[in-house]
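In: give me coordinates for this.
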Amino acid sequence: MRSLNFLFIFLICLALVLFSIENTEPTTVQIIKGVQVKAPLCVELMIATGLGAILAWLFSLWSRMQRMVVARQESRQVREKEQQIQDLQQDIERYKAEVDAKQPLLESADSTSLKTAVAEMKNAEVTTN
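Out: Numbers count the residues shown, from 1 in each chain. Next up is the predicted model:
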């Protein structure tokens, strides 16, 4: 891609030089009302081309700066999301450890509550009979 860009710029500059060599007669350019510049056409063309190149370069810098700002924002957001994911994974591990630690208590409570429920049902049958 760089070689294509170089070739394109080279061809434009070559065409400008060849055109300038053929057009050396002086011309008048009116910049604003009352301000006129008299110079050879080739000089005016080179100045116009140079100004266009400078403006194109400034625009490319501006575009690159905007892309860098967006990339930094996206990178920061990704880091924040990764930190959030890591925090949530740590929370999950902590909760799993708590559940594993309390699992024996839940199992003994289930058997106790089952025995209590059976006893209550028997008491309810006795009182209803």
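In: quick check: longest helix in the protein by residues?
Out: Ranked by number of residues, the top helix in the chain under DSSP state H is helix 41-128.
In: chain center to it, what's the gap?
Out: 17 Å (Cα atoms, centre = their mean, to the nearest Å).
In: and that helix, what does it pack against?
Out: Contacts defined by 3 or more Cβ pairs under 8 Å, 6 or more residues apart in numbering; DSSP states H and E place helix 41-128 against helix 2-22, strand 26-32. (C-beta placed from N, C-alpha, C; glycine too.)
In: wait, a strand at Val37?
Out: Yes - under DSSP: H, G, I helix; E, B strand; the rest coil, Val37 sits within a strand.
In: let me know the pLDDT of it.
Out: If you check Val37, the pLDDT there is 85.
In: does it really touch Thr28, like I thought?
Out: Yes - with contact defined as Cβ atoms under 8 Å, Val37 reaches Thr28; the gap is 7.1 Å.
In: ok, those two, which is more surrounded?
Out: Remark: of Val37 and Thr28, Val37 carries more neighbours, 12 against 9, as counted by other Cβ atoms under 10 Å.
In: the more buried one: what's it in contact with?
Out: By Cβ atoms under 8 Å, 6 or more residues apart in numbering, the residues touching Val37 are 28-29, 31, 44.
In: out of those residues, which end up buried?
Out: Glu44 (16 or more other Cβ atoms under 10 Å).
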